[in-house]
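J.: how would this look folded up:
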Amino acid sequence: RLVGSEMCKETGISLKTGSVITPYLKDAAGYVLFVATAGYEFEAFQHRIGSQGDILREFLLDAYGSAIAEAVVREVCRKVESRMFPLGYGVSHPYSPGYCGWHVTQQQLLFSCLPEFPCGVRLSDSSLMSPIKSVSGIIAYGHVLSNGNMDANYAAKPIAIKTEKTKQIECYGTVSYTHL
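T.: Numbering: from 1, shown residues only. Alright, predicted model coming up:
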C-alpha cells in the first residue's frame, strides 16, 4: 500500500520512494524490480586501463560503463513493455534509489525482494553496488492512458505490492528482474 510517499509490501517492508516518484507508482497493477550491470569483466578492464596511467581512456571507459548499464535498463523497459502493452497496460519510466528523492539506502530493501546477488551484483552496507556500473530500480505497469504512461496524478492513494515466495525471476545477459 502507499501511505504518503511510502510504498508498503504485505511483508511489512516499506519502500519509501518519496513524494516525486510515488505518484507515478501509486495506481499500478504490478511492479517489476530490476538490477542491471555492465559486469565485473568491464570493471576489471577499466581498472586495468587505469593502472596503466591512461587517464583519458579510463575516463572514457567510466562514461561507457554508465552507458552500458543504462542501455540494459532500456532493454528491461522494452521487455516489460512487450509483455504489458498487449495486455492493455501502460508502463512507467524506471525509477532508481538515489534519484528524485528516493534515498539510496532504500536499495537495501529493494535488494531484499530479489534473489541473492542478482546477476552477480553485490550490495555493500552503505548501499553501494558492485560492480560500480550497476543500476537497480522499479518499473510500474497499469492501465493505459492516452500517452501510454502511468497516471501522473500527485494524489497519493493506498496500493499493495504482492510479494509471494513464488516470484518470477528472469536473468539474461547482465540484467535480473522480478515481477511482483
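J.: how far is stretch 76-84 from where the chain is centred?
T.: Relative to its parent chain, stretch 76-84 has a centroid offset of 13 Å by CA atoms, centre = their mean, to the nearest Å.
J.: what's the answer for stretch 122-137, then?
T.: 11 Å.
J.: Would you map the helices across the chain?
T.: Under the criterion DSSP state H, the chain carries helices at the ranges 18-25, 40-51, 55-84, 107-112.
J.: Show me what the shortest one is packed against.
T.: On a contact count with 3 or more CB pairs under 8 Å, 6 or more residues apart in numbering; DSSP states H and E, helix 107-112 meets strand 14-15, strand 122-123, strand 134-143. All C-beta atoms are positioned from the backbone trio N, CA, C, and that covers glycine.
J.: what is the rounded mean pLDDT of it?
T.: Helix 107-112 carries an average pLDDT of 90.
J.: Could I get the pLDDT score of the nearest residue to I139 once chain neighbours are set aside?
T.: Excluding the flanking residues, the one nearest I139 by CB to CB, 6 or more residues apart in numbering is V32, at 4.5 Å. According to the prediction, V32 has pLDDT 89.
J.: so V32 makes contact with V73?
T.: No: counting by CB atoms under 8 Å, V73 is not a contact partner of V32; they are 11.2 Å apart.
J.: per-residue confidence for the spatially most central residue of the chain?
T.: The centroid of the chain falls nearest to G137 when counting by CA atoms, centre = their mean (1.5 Å). At G137, the model reports a pLDDT of 94.
J.: From H93, how far out is it?
T.: With distances taken as CB to CB, to the nearest Å, G137 is found 9 Å from H93.
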